[in-house]
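Chemist: Starting from these lines, generate the structure:
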Amino acid sequence: MNKPRHRKSPPRSQTQAEPRQTLRIIGGQWRGRKLPFVGAEGLRPTGDRIRETLFNWLMPDLPGARCLDVFSGSGALGLEALSRGAEAATLLELNTQAATQIEQNLRLLQSDRGRVVRTDSLSWLQNKNDGSPYDVVFLDPPFQQDLWQAAIEALELNGWLSPNAAIYIETPRNEPLCTPTHWHLHREKHAGSVSFRLFYRDSEAP
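Modeler: Numbers count the residues shown, from 1 in each chain. Predicted coordinates:
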């Protein structure tokens with residue numbers, strides 16, 4: 001009697017795709033749109049409630065603004081800014097799959113106002129800016145890598161900020177930050193284990 005033949009399972013790489021999750025645009029032109037993003041180590045999209053609060057704070061600053069999403073991850077902050085009227089957004093992301101997904105989402109939204117740069121964000125900031133400075137900056141690095149201070153210093157020293165730039169910083173709850181003396185804390189809130197702050201840069205910087 002012939003033994004039944006068992007089909008060989010395909011290699012794991014063919015059966016398991018990279019995990020995809022979804023984020024929702026909270027307001028503006030693309031309000032309610034759900035977009036996929038790649039689940040990757042250290043990638044932690046800013047939650048809906050925090051984003052809603054943040055973009056209420058930024059409402060007067062976004063129309064026509066040039067935005068920089070430094071550790072963009074899912075792209076949630078840069079895409080939300082574009083939805084709410086930002087003129088342009090540069091999204092920095094080192095993870096190839098995450099960067100590809102942001103590019104695909106921009107095509108899905110039929111937007112040519114977003115530019116994805118596949119790079120190590122801190123290395124990119126440590127170059128001198130030879131273009132126009134940014135009006136709104138989002139700084140939300142992977143929490144476990146302790147990149148806030150180096151990024152803050154590079155933003156200020158290398159000409160990335162416009163005279164009255166708004167700088168959003170998300171950290172673990174009560175994480176101490178040392179900011180330039182001409183960065184003034186405008187708002188600060190906590191949500192669970194996260195602290196989020198919005199600073200404005202003084203145009204009379206020393």
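Chemist: residue nearest the centroid of this protein?
Modeler: In the chain, the residue lying closest to the centroid (C-alpha atoms, centre = their mean) is Ser72, at 3.0 Å.
Chemist: which other helices and strands contact the helix or strand harbouring Arg187?
Modeler: Per DSSP states H and E, Arg187 falls inside strand 183-191. In this structure, strand 183-191 makes packing contacts with helix 48-57, strand 194-201, judged by 3 or more C-beta pairs under 8 Å, 6 or more residues apart in numbering; DSSP states H and E. C-beta coordinates here come from the backbone N, C-alpha and C atoms, glycine included.
Chemist: List the buried residues for it?
Modeler: Within strand 183-191, the residues that count as buried by 16 or more other C-beta atoms under 10 Å are Trp183.
Chemist: quick one, which of the helices and strands packed on strand 183-191 is nearest to Leu122?
Modeler: Nearest to Leu122, of all the helices and strands packed on strand 183-191, is strand 194-201, at 18.8 Å by C-beta to C-beta.
Chemist: Residues in contact with that closest one: which ones?
Modeler: Residues outside strand 194-201 that contact it (C-beta atoms under 8 Å, 6 or more residues apart in numbering): 46-47, 50, 53-54, 57-58, 161-175, 177, 179-180, 182-190.
Chemist: coming back round to it: how far off centre is the strand holding Arg187?
Modeler: Offset of strand 183-191 from its chain centre (C-alpha atoms, centre = their mean, to the nearest Å): 18 Å.
Chemist: Direction included, what does that strand pair against?
Modeler: Partners of strand 183-191 in the sheet, by DSSP bridges, are strand 194-201 (antiparallel).
Chemist: isn't Ala166 right up against Val137?
Modeler: Yes - between Ala166 and Val137 there is a contact at 7.3 Å, judged by C-beta atoms under 8 Å.
Chemist: Mean neighbour count, the helices and strands packed on strand 183-191: which tops it?
Modeler: Neighbour counts (mean count of other C-beta atoms under 10 Å) averaged over each of the helices and strands packed on strand 183-191 peak at strand 194-201, with a mean of 20.
Chemist: Next one, pLDDT for Met1 please.
Modeler: Looking at Met1, its pLDDT reads 44.
Chemist: Revised request: answer the last question for His190.
Modeler: You'll see His190 listed with a pLDDT of 94.
Chemist: what about the residue nearest to it when sequence neighbours are not counted, distance to Trp183?
Modeler: Closest residue to His190 apart from its sequence neighbours, by C-beta to C-beta, 6 or more residues apart in numbering: Arg173 at 5.6 Å. As judged by C-beta to C-beta, to the nearest Å, Arg173 and Trp183 stand 20 Å apart.
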